[in-house]
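In: Sharing a sequence plus its predicted fold:
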Amino acid sequence: ISTSPDAARGAGGDLSPPAPARSAIALVRPVSAQNPYEQVVVTDVLNGRSGPGLGYDVVVTYTEGTQLEVSPEAIEYADGYIWRLVNVKPGPVWVAEEFLEPVGDGDPDPDTLEVVDGPLNMRAPAGLAGWVLTQLPTGMVIRIDPATEIVEIDGYTWAAGWADDPDSTWRWVAMEFCRFR
């Protein structure tokens, strides 16, 4: 079973039957706990660091006006700043909150995702071993089923929902390739 980002995102379009199921422990979280919110950079250059503090390496820089998805739960205090975890690929980085401001009302719909890095595989069941039933392009809207648990399998966080498409049915997507709307 491939655990590469391309396997979850959809590169290669593997539509073959799933491999034998792997056992996985589901991490149950309410959808609202997964709800990052949009922030905009309000300084010329903002450093994204490998950890919460000035002593950590700068792994990426953001320019003024860049919109970021900031985790509402991950907050650290170091070096006179409040550090927030930013959800980016290939992995999360930390930024100083003082250089961010909310975009709009800062409260996205916890039941709606948008694909930001397509094509994205919709699978059944959740996990990389699940059948690829369709691929969603960048910009496609996904309605999340609020009654279904969010699970972590194969290094990805999976949400169940359906695409904003009349032919769509309920399936699983890796949330790392989406943003809340």
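Out: On my side now, so go ahead. Predicted model, so just to flag it, every value in this text is computed and none were measured.
In: distance between stretch 117-137 and the chain's centre?
Out: Computed by Cα atoms, centre = their mean, to the nearest Å, the chain-centroid distance of stretch 117-137 equals 15 Å.
In: And the average pLDDT for it is what?
Out: Average pLDDT, stretch 117-137: 91.
In: remind me which residues of the chain are low pLDDT?
Out: Residue ranges of the chain with pLDDT under 70: 1-36, 73, 89-90, 104-110, 165-168.
In: Can I get stretch 116-128 as CSV, trimmed to CA atoms?
Out: What follows is stretch 116-128, C-alpha atoms only, in CSV (Å, rounded to 0.1, in the frame of the first residue of the first chain):
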residue,chain,number,x,y,z
VAL,A,116,-7.3,22.6,-3.1
ASP,A,117,-4.9,20.1,-4.5
GLY,A,118,-6.7,17.9,-7.0
PRO,A,119,-7.4,15.5,-8.4
LEU,A,120,-8.5,14.0,-5.1
ASN,A,121,-9.5,10.4,-4.8
MET,A,122,-12.9,9.7,-3.2
ARG,A,123,-12.6,6.2,-1.6
ALA,A,124,-14.7,3.6,0.1
PRO,A,125,-13.8,2.6,2.7
ALA,A,126,-11.5,5.3,4.3
GLY,A,127,-7.8,4.7,3.8
LEU,A,128,-5.4,4.1,1.0
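In: Check which residues of that stretch are buried.
Out: Residues of stretch 116-128 classed as buried: D117, G118, P119, L120, N121, M122, R123, P125, A126, G127, L128 (neighbour count, 16 or more other Cβ atoms under 10 Å). For every residue, glycine as well, the C-beta is placed using N, CA and C.
In: Excluding sequence neighbours, find me the nearest residue to the first one.
Out: Translated: D117. Distances taken as Cβ to Cβ, 6 or more residues apart in numbering put F177 closest to D117, at 4.4 Å, once the chain neighbours are dropped.
In: okay, now the one you found: neighbour count?
Out: When counting by other Cβ atoms under 10 Å, one arrives at 22 neighbours for F177.
In: you'd agree it is up against P119?
Out: No: look at F177 against P119 with Cβ atoms under 8 Å: they stay out of range, at 9.3 Å.
In: Is it correct that E176 falls within a helix?
Out: Yes: read with DSSP: H, G, I helix; E, B strand; the rest coil, E176 is one of the residues of a helix.
In: Distance of it relative to A160?
Out: Using Cβ to Cβ, to the nearest Å, E176 is found at 15 Å from A160.
In: Show me what the single longest strand found in the chain packs onto, helices and strands only.
Out: Using DSSP state E, we find that the single longest strand of the chain is strand 67-78. Applying 3 or more Cβ pairs under 8 Å, 6 or more residues apart in numbering; DSSP states H and E, one finds that strand 67-78 contacts strand 37-41, strand 81-86, strand 93-96.
In: Phi first, then psi, for G139.
Out: phi 100, psi -20 (degrees, to the nearest 10).
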